[in-house]
Each structure stands twice: as structure tokens, then as C-alpha cells.
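A.B. asks: Provide a 3D model corresponding to the input given below.
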Amino acid sequence: MTGAFRERAEGRGDRTPLASVSRAALLRNAVASRARTYTSRVLRSDAWGHGADAVVDVLSEAGLTLTDPAAATPGSLDPVALFGLPGGPEASAPALRFSGAVLATKDLRAGEGVSYGYLYRAAADTRIALVTGGYGQGVVRSLGGSVDVSFAGRRHPIVGRVAMDVCVVEIADAAIQRGDEAVFFGDPARDEPSLGEWCAVTGLSGGELATAAGLHATRRVVG
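C.D. replies: The predicted structure is shown next:
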């Protein structure tokens, strides 16, 4: 994890997860689409949570021009392809990476429960981490007990109910500490959990989930 991420997680005590938008992925996806125009649909909800200013800049560099929705042609840019969302072209890479940070770790004894209603109880002695990111930031409640986050490429399950600003992850004997990055979803090509896994659990579209995460996190455009 970078020093900047750790400083944000520890030094400022910020409990807001981070939405990292890859400018390079957006540009590659735009060029690969071979579109020449795009409509205002691409820019809805602050460009589906990716940041309208950054997206317009990328599309301008790619040579695309904004056209009226009524004048859109079948060759107009598809937002699903641009943002690399589930259901888009196989060559499109996810442009949004959504991550939280470890606030604390603790031991959990067999039989002890976590989160609201203690729906999860440890089957054996284990360890858990409290991670920034809850249903208030787009980590949908139904994801608890159904998906993983990754720490340095190693997956660990979200357990118990997702709270408003945090969730609990079982980390067992992994060497995870306060300030470490927990990736909720990103690029499967980099062994990160995929947004498609969230779609399968929640029944929501990739656009809905990415928009919610991008609008409620601290957003940063990266190379």
C-alpha cells in the first residue's frame, strides 16, 4: 500500500472509501470502442460516478464529440463499454477501483458474533478487521457474507451485516494491520474482486453499483 493511502487512512482518520478512476483505462476503452460521438447519457450522475470533468477531458483527447441524444447513431459511445462495466465488450477494462482501509483488527473467539444481530458467529478462533465502507457509500447490505475483499491480492470474506460506514472482514492469520488497503472491486485481470460479483449477489447493474460507489467515496483520478 502506498504511503499516501496509509496517511489518508491513519493520519486524518477519514472513514470514506476511495474510488480511483483510471484515466488510462477510460482512454483505452474510448479508443477501442471506435465511436466518434457520445451523448449526455455518458455524463449522467457525474459520469456514472467516474467524474464528468475527467471523462469529458478523456473523450476530447480520444477525438469524440458530444451530440444531441436525438441525433445519436448506433455508433455512439456506449457508457458500459467506456467504463468497463459488466456486460460490456471483453476488451474493456474497469475504469473504477473501489477500496477501503483497515481501521482496526481484533481477535474473535469461537462462538462470538459481529455486527448487527450477530448473524455471523465464528466457527473457530479467528481474527477480523473493521474496514471503511458501508451501505452509506455503496457497499450494499446484501453483500455481507456473500463477497470478498482483497488485501495485497489475497481474498478475505465480508462477514456479518454491512453497517452504514464500515464492514467486518474475517482475516484469520493474515498479516493485516491498521491502514492497509482493502479492495472491494477493481480489475479481475489484476486478481482483484470484480464488480460482476457484486451484480450477481445484489441483482443490481454494474452501472448502478459503480455510480453509488463513485458518488459517495473520495474520488481520485489516477494515470
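A.B. asks: Now the residue most central in space within the chain: phi and psi?
C.D. replies: The residue lying closest to the centre of the chain (C-alpha atoms, centre = their mean) is F98, at 2.6 Å. Per-residue torsions, F98: phi -110, psi 120 (degrees, to the nearest 10).
A.B. asks: Give me the contacts around the helix or strand harbouring A200.
C.D. replies: Here A200 sits within helix 195-202, counting by DSSP states H and E. Contact with helix 195-202 is made by 85-86, 94, 96, 140, 142-143, 146-148, 185, 188, 204-206, 209-210, as judged by C-beta atoms under 8 Å, 6 or more residues apart in numbering. From N, CA and C alone the C-beta is placed, and that goes for glycine too.
A.B. asks: quick one, what contacts A174?
C.D. replies: The contact partners of A174, by C-beta under 8 Å, 6+ apart, come to R127, F151, R154, H156.
A.B. asks: Would you mind giving me the confidence score for the residue lying closest to L43 once chain neighbours are set aside?
C.D. replies: Of all residues not flanking L43 in the chain, A52 sits nearest, at 4.8 Å (C-beta to C-beta, 6 or more residues apart in numbering). pLDDT, A52: 98.
A.B. asks: My guess is V221 contacts R23. True?
C.D. replies: Yes: with contact defined as C-beta atoms under 8 Å, V221 and R23 form a contacting pair (5.6 Å).
A.B. asks: Please enumerate the shared neighbours of the two.
C.D. replies: A54.
A.B. asks: Tell me how many other residues crowd the nearest residue to T37 once chain neighbours are set aside.
C.D. replies: Spatially, and ignoring its direct neighbours in sequence, T37 is nearest to T67 (4.3 Å; C-beta to C-beta, 6+ apart). By other C-beta atoms under 10 Å, 16 other residues sit near T67.
A.B. asks: Does T67 touch Y38 like I think?
C.D. replies: Yes: taking C-beta under 8 Å as the definition, T67 is a contact partner of Y38 at 7.2 Å.
A.B. asks: Common neighbours of those two, please.
C.D. replies: Common contacts of T67 and Y38, defined by C-beta under 8 Å, 6+ apart, comprise S76.
A.B. asks: where along the protein do the strands fall?
C.D. replies: Ranges of strands in the chain, per DSSP state E, are 18-22, 37-38, 65-66, 96-108, 113-114, 120-121, 126-132, 148-151, 154-159, 166-170, 181-185, 218-222.
A.B. asks: Could I get the buried residue list for the fourth one?
C.D. replies: Spelled out, that is strand 96-108. Buried residues in strand 96-108, defined by neighbour count with 16 or more other C-beta atoms under 10 Å: L96, R97, F98, S99, G100, A101, V102, L103, T105, L108.
A.B. asks: quick one, what contacts L215?
C.D. replies: Contact analysis of L215 by C-beta under 8 Å, 6+ apart lists S45, D46, G49, G138.
A.B. asks: can you tell me which residues contact the second one?
C.D. replies: Put plainly, it is D46. Each residue near D46 by C-beta under 8 Å, 6+ apart is listed here: A52, G214, L215.
A.B. asks: Check what pLDDT it gets.
C.D. replies: D46 is assigned 98 on the pLDDT scale.
A.B. asks: could you measure it against A19, distance?
C.D. replies: Computed as C-beta to C-beta, to the nearest Å, the D46 to A19 distance reads 11 Å.
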